[in-house]
Every structure is written in structure tokens, then in C-alpha cells.
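Participant: Predicted model and sequence follow; I will ask about them next.
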Amino acid sequence: MDAVFAVPEPRNEPVHGYVPGSPERASLQRKLDELAGDRLDLTMTIGGRQRFAAGDPIDVVQPHRHSHVLGVTRNATRSDAAAAIEAAKQAAPMWRDLPYAERAAVFLRAADLLSGPWRDTLNAATMLGQSKTVAQAEIDSACELIDFLRYNAYFGEKILAEQPKSSPGVWNRMDHRPLEGFVYAITPFNFTAIAGNLPTAPALMGNTVVWKPAPTQQFAAHFTMRLLEAAGLPPGVINMVTGDGIAVSEVALADPDLAGIHFTGSTKVFQYLTKTVGENIASYRTYPRLVGETGGKDFVIAHPSAEPAGLATALIRGAFEYQGQKCSAASRAYVPASMWRGGLRDRLASIAESLTYGDVTDFTNFGGAVIDKRSFDRNAAALDRIKNADSCTVIAGGTADDSVGYFVRPTIVECTDPTFEVFTTEYFGPILSVYVYDDGDFDATVRQAESVAPYALTGSIFATDRAVIDRAAKELRFAAGNFYINDKPTGAVVGQQPFGGARASGTNDKAGSWHNLLRWVSPRTIKETFVPVTEHTYPHMGV
Ligand SMILES: NC(=O)c1ccc[n+]([C@@H]2O[C@H](COP(=O)([O-])OP(=O)(O)OC[C@H]3O[C@@H](n4cnc5c(N)ncnc54)[C@H](O)[C@@H]3O)[C@@H](O)[C@H]2O)c1
Ligand SMILES: N[C@@H](CCC=O)C(=O)O
């Protein structure tokens, strides 16, 4: 239909509480039982058709009970990748020719389905497959994904409405074309919302996509694909390939029609993708857009004027919710000696020791397991090095046990060397390092913390002295893309705190905002002259 429409103004999806006895809790528990009882075929979806990839099988398990297989997926091969790319290319003319309102309606309908009948399915899948508690699943697979879908539709329309000025006799227009080629979306295990956002944001702007979820997130990714189909996404617009992605990248990064990469995951993998695109740069039809949101070593810096109770809660929640597996997790803290020795140390240690990590279907647990054996081994090895380091004292946790699930205890490490690896390395697990500074050394501590790690994702300052807050915010201006004052560094909300960081943390294209959507359009400027001039000379040439 040829008309101008306005996308409804979004509001953030309300977070359900799942308190004991509530209907939403009973309904979710039924869905958890149902999904845990199946063993699913976790197939690819190419051109709207589900089929297994041809490579090696991979068991997708519950991280907190790794003997429980939720489903089986398979590594996509080079020919699977080629088929997905071909399907994306085939669907491109149909999809980009649909009016924006028709494309946006698919994702707005997906948001409403997820807000209603699909909420339990995606939450239960995220809890079982990624070991999230109900609270962590709810803010991710329900609320954040719904918000991404609704806010993107709203921001996308604003981008299309952005038009140039015109002088008399001329009409200037901006045609926000999709990119020429396909977009390759590669998504991490830790957020179902991010996995849903990375393929849908470019698709909203008219692109077709090859989507490669993390194998450890494949259970929820499978249902996300079904949700999008239920919302009316045409075949071929998003093509989901499964497995480790190695063969997919070999094919996709060598394809002349690779128009963009939408990546979230580790810094190392994004650097590999960037390097490979660089090596192939002369072979592409157009320069691929590279959007990558990657690792973090996120800080909390407390000033002696800070209120200790709020600081303690921010550190516990920031470091240990979802087992520290948020790119935004508080993983290094800088605390004045007076506050540390005046009670904060004992308070943190006692709370950390009391936290229960276990089966997330037991709603009384605070957390679950880390995602897989690779993560367990990385964290267990870090704990061994920490325990052997003279500069470190473990004041809570420090143990790990993978006999039933991949459990790493919430760990707090006091360390006297502010350059030691605990202040620079992303472990992606529940390990919080603390540097205790002499109260008079606040400014020097801030300066050191600013650049000791290569990342610049999130960070917090805790203080009540406004001059201190102002000074620290200036000193730390480039140390975090999401900066918090008297709050934990996790839990950004779409539309309120657009998310992303720079330095080794990524390209800072702010997921769920118009900044990100702009990367998926290639504007064409059109100038129309209503009455063309018919004289080729200029006034200064007159006699
Ligand atoms: N900045 C952010 O917004 C943000 C958000 C979430 C997670 N993260 C980061 O993600 C990391 C944790 O997630 P992860 O363990 O899933 O990361 P990862 O880098 O191991 O994997 C990310 C994705 O890349 C895929 N992959 C790996 N090698 C590939 C290749 N050669 N070709 C194609 N795909 C390939 C994986 O299968 C997965 O789908 C952490 O570093 C975390 O900080 C960042
Ligand atoms: N956006 C999330 C983190 C995403 C990365 O894992 C937060 O703000 O906590």
C-alpha cells in the first residue's frame, strides 16, 4: 500500500515477577516440564525449510545437569552454508520490495506473540538451555527481545522519515536502501534477546540474512525461529545455520555479496572475522559493514563518600547474576581501605558464600551453571592461578565442580597488584577481583583503572560527592560505552541505555537504537528538478 504510516510508540515490556502462587509461575513451570521432556531435532532453517546440517552432531544439554540432553544439532558444512546464502539472495528482491510497514508488522507481531502466548516457551527454553534463573530469562528472552523488536520498528521508521532539505524548483529525497548483498549474523550463547536482535535488525531494514547462533544457545534459537515464522516472516529472509560456524565463515566471508556482519561474541572471534574480511577486501561487490559487540572487563570504582549498602548490592548482582556471564558483568572493583576494612569485605564475603547456584527450575536458586565445559575449564584454571598468586587472597568461593553441572562458586578475590590478570582478563564467569586503595589515592586509582584492561564496555562509579562524580566521569569518558553512577554496570534497558562499547569491546553501534539500524542501510540521494534549465551560460558571462 502506498501511504505513510506511523509505527506505534513503544514502551518497555513490563517484567513479570513469577512470585510463588502466581498464575504466570504455574504456566511457566508446565512449559519447563514439557520442554525438558522432549529431545528436539535442532535443525537448520534454510529458505523456510527445516533440515539437519550435514556435519558432526552436537548434543545440546542443560548446563546445570549436563547428562540431560535437550536436543541434537549438527555442524553446518560448506555446502549447507552455500545453500543458506543462496536462499538469502533469492529472497532479497521480494523482501526489499515490500513496504517498510509490511516488514515492520512481522516483527511487531512477533513482539506481541512473545509478550503473550510465546513468552513461556522462550523463557523456559532459555532457562533450560542457557541455565538462566526465571528472573534472568524474563529480562532477556521476554522483555529485552520484545523491546528490541518494538523499538527497532519505531526507530527504523524515524530513519526512513529523515529527509534532506529542498531548494525552490527541486525535490531532494533520501532512499534508505538495504545493503546490496546478504548480512551474516553471528550470535553469542548468553542472551536470547541478542540472538534474536542480530538477524532481525538488518532484516527489518530490508536485508536478508544468514544467522548462525551459538550451539549452546541453539535450543532457544530454535524457538525464536519458530516464533518469527509464526509472526509471518517469509521463507528465506532469515536463514538459520547451526553448529560452530567455522565452515559457514569460510564460505560467507569469501562470497562477493557479503554486505555486512552483525556479530556479538568474543573479541578474538570478531578480530578473526575483521581480519579475514580485510584479506578479502578487493573481492567484495561493496565494502561489508562490520558491526561487532565483544568482550568486557567491567569496573566498579567506589569513592570514600559512597554509600556501602548500595555498593554491596551492585557488586553482588553485577558480578554474580547469570554466573557473571554478561559482557557487562562487574568483574573488577576498586574500593577505599576505610570502607573495605570497615565492614564491606565481610559483608560481601558473607553474601557471596550464601548465594545458591543450582538447578534453575528450582526457583529458590540465585543462579545456575556456567554454559559448558570450555567455560568451566577456563574459570577453573583461572581459580587455580589465582590461588597460587602471592598477590591474591580468595575471600569467598574459589571452587568449581562439574560432576553434575558446570558449577563455579561465586568468587571474590582481593588482590594487591592492580596489573595482575584478574584486573585485565575476561573470564566470563562469577569471579570478582577487588583492589583496595588508600583513601587518599582515589584519583590515581581511577587513572590506573581507566586503561589497565584493553576493553571499554561498561563501568560504574559509586560516590555521593558531586565534584568527585564529575571528575571521575571525565577521567573515565573513554573507558566505558555504558557508564553508570551509583548503579551496577549490568542490566541496560532497550530505549533507555543503548548498549555497546569501544576499544577491544567492539564497534559501539548501540544495539536496539537507530545508531545500529543505520548500519544496515545504504542511502541513495535523489534530486529531482521540476523544470530543467535550458540555458548553459552563466550571468557572469553576460555582455
Ligand atoms: N558487547 C556485547 O554486547 C556482548 C554481549 C554478549 C556477549 N558478549 C561477549 O561474548 C562472549 C561470550 O559469548 P560466546 O562464548 O558465545 O562468544 P564466542 O566468540 O565464543 O562465540 C560467539 C559466536 O561466534 C561463533 N563463532 C566462533 N568462531 C566462529 C567462526 N570462525 N565463524 C563463525 N562463527 C564463529 C560461535 O559459535 C558463536 O555463535 C564474551 O566475550 C562476551 O563479553 C558481548
Ligand atoms: N545488555 C546487557 C549485557 C549484554 C551482554 O552480555 C546488560 O546491560 O547487562
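Facilitator: Here it is on my side, so go on. Fair warning: this is a prediction, and the values are worked out from it, not measured in the lab. Ligands and ions are numbered 1, 2, ... in the order given.
Participant: Next to ligand 2, which bits of this protein? Give me the list.
Facilitator: Contacts of the chain with ligand 2, taken as CB under 6 Å from any ligand atom, map to Asn190, Phe191, Lys326, Cys327, Ser328, Thr490, Gly491, Ala492, Phe499. C-beta here means a position set from N, CA and C on the backbone, and glycine is covered the same way.
Participant: List the residues that contact the residue nearest to the spatial centre of the chain.
Facilitator: In the chain, the centroid-proximal residue (CA atoms, centre = their mean) is Ile194; its distance is 4.2 Å. Going by CB atoms under 8 Å, 6 or more residues apart in numbering, Ile194 touches Thr187, Pro188, Thr264, Glu293, Ala511.
Participant: make it 6 Å
Facilitator: Neighbouring residues of Ile194 by CB atoms under 6 Å, 6 or more residues apart in numbering: Thr187, Thr264.
Participant: Doesn't it belong to a strand?
Facilitator: No - under DSSP: H, G, I helix; E, B strand; the rest coil, Ile194 falls outside any strand and is assigned helix.
Participant: Retrieve the pLDDT associated with it.
Facilitator: Looking at Ile194, its pLDDT is 98.
Participant: what does Asn280 give?
Facilitator: Per-residue confidence (pLDDT) for Asn280: 98.
Participant: In this protein, where's the longest helix?
Facilitator: Across the chain, the longest stretch assigned as helix under DSSP state H is helix 78-97.
Participant: hmm, that helix in reach of ligand 1?
Facilitator: No - Helix 78-97 stays clear of ligand 1 (CB under 6 Å from any ligand atom), getting no nearer than 9.8 Å.
Participant: swap in stretch 330-343?
Facilitator: No - counting by CB under 6 Å from any ligand atom, ligand 1 is not contacted by stretch 330-343; separation bottoms out at 10.1 Å.
Participant: re earlier: out of the residues of the chain next to ligand 2, which is nearest to Ile85?
Facilitator: Closest to Ile85 out of those is Phe191 (25.4 Å), distances taken as CB to CB.
Participant: Verify the stated contact: that closest one with Cys143.
Facilitator: No - between Phe191 and Cys143 no contact is recorded; they are 11.6 Å apart, counting by CB atoms under 6 Å.
Participant: More neighbours: the two, which one.
Facilitator: With neighbours defined as other CB atoms under 10 Å, Phe191 and Cys143 compare such that Phe191 has more, 28 against 23.
Participant: neighbours around the nearest residue to the more buried one once chain neighbours are set aside, how many?
Facilitator: Spatial nearest neighbour of Phe191, chain neighbours left out: Asp140 (5.3 Å); criterion: CB to CB, 6 or more residues apart in numbering. Burial measure for Asp140: 25 neighbouring residues, criterion other CB under 10 Å.
Participant: The residue nearest to the centre of the chain and ligand 1, how far apart?
Facilitator: The gap separating Ile194 from ligand 1 is 6 Å, by CB to the nearest ligand atom, to the nearest Å.
Participant: Show me the shaky parts of the chain.
Facilitator: Filtered on pLDDT under 70, the chain yields the residue ranges 543.
Participant: residues from it in reach of ligand 1?
Facilitator: Residues of the chain found near ligand 1 (CB under 6 Å from any ligand atom) are 186-191, 194, 212-214, 244-246, 248-249, 264-266, 269, 272, 293-296, 327, 426, 428, 457, 499, 505-506.
Participant: Hmm, Val360 is touching Thr133, no?
Facilitator: Yes - with contact defined as CB under 6 Å, Val360 and Thr133 form a contacting pair (5.1 Å).
Participant: Looking at the two, which is more packed in?
Facilitator: Val360 (28 against 23).
Participant: The more buried one - nearest residue in space that isn't next to it in sequence?
Facilitator: Using CB to CB, 6+ apart and skipping the chain neighbours, the partner closest in space to Val360 is Gly368 (4.2 Å).
Participant: Please apply the same query to Ala389.
Facilitator: Phe420 (6.6 Å).
Participant: what's that neighbour sitting at in phi/psi?
Facilitator: phi -60, psi 160 (degrees, to the nearest 10).
Participant: just the one 3 residues further on next, same as before
Facilitator: For Phe423, the backbone dihedrals are phi -100, psi 0 (criterion: degrees, to the nearest 10).
Participant: contacting residues for it?
Facilitator: Applying CB under 6 Å, 6+ apart, the residues contacting Phe423 are Arg332, Ser433, Val452.
Participant: What is the burial count for the last one?
Facilitator: Looking back up the chat, that one is Val452. 17.
Participant: Next one: it from Pro256, what distance?
Facilitator: Per CB to CB, to the nearest Å, Val452 is found 42 Å from Pro256.
Participant: Can you say which helix or strand has Tyr435 in it?
Facilitator: Using DSSP states H and E, Tyr435 falls within strand 431-437.
Participant: Give the other helices and strands that that strand contacts.
Facilitator: Packing contacts for strand 431-437, counted by 3 or more CB pairs under 6 Å, 6 or more residues apart in numbering; DSSP states H and E, involve strand 330-336, strand 411-415.
Participant: Each with direction, which strands does the shortest one pair with?
Facilitator: Going back to what we said before, that points to strand 411-415. If you go by DSSP bridges, strand 411-415 pairs up with strand 392-396 (antiparallel), strand 431-437 (parallel).
Participant: Make JSON lines out of those and add distance to Val69.
Facilitator: Shown next, in JSON lines, are these (distance: least, CB to CB, whole Å):
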{"stretch": "strand 392-396", "distance to Val69": "33"}
{"stretch": "strand 431-437", "distance to Val69": "29"}
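Participant: Of those, which stretch is the most buried?
Facilitator: Counting by mean count of other CB atoms under 10 Å, strand 431-437 has the highest mean neighbour count of the strands paired with strand 411-415, with a mean of 25.
Participant: circling back: select from the residues of the chain next to ligand 1 every entry located in strands.
Facilitator: Residues of the residues of the chain next to ligand 1 located in strands (DSSP state E): Ile186, Lys212, Thr264, Glu293.
Participant: Dump those residues to TSV, plus neighbour count.
Facilitator: Formatted as TSV, these follow (neighbours: other CB atoms under 10 Å):
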residue	neighbour count
Ile186	25
Lys212	29
Thr264	25
Glu293	27
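Participant: Widest-spaced pair of these?
Facilitator: Greatest spacing in these, by CB to CB: Lys212 and Glu293 (15.6 Å).
Participant: quick one on the thing from earlier: would you mind finding the most buried of the helices and strands packed on strand 431-437?
Facilitator: Taking mean count of other CB under 10 Å, strand 330-336 is the most buried of the helices and strands packed on strand 431-437, at a mean of 27.
Participant: quick check: angle from that strand to strand 411-415?
Facilitator: Here the directions of strand 330-336 and strand 411-415 differ by 50 degrees (axes from the mean of the first three to the mean of the last three CA atoms, to 10 degrees).
Participant: How far off centre is the following helix or strand past strand 330-336?
Facilitator: Next helix or strand after strand 330-336 toward the C-terminus (DSSP H and E): helix 337-339. Its chain's average C-alpha position is 35 Å from that of helix 337-339, according to CA atoms, centre = their mean, to the nearest Å.
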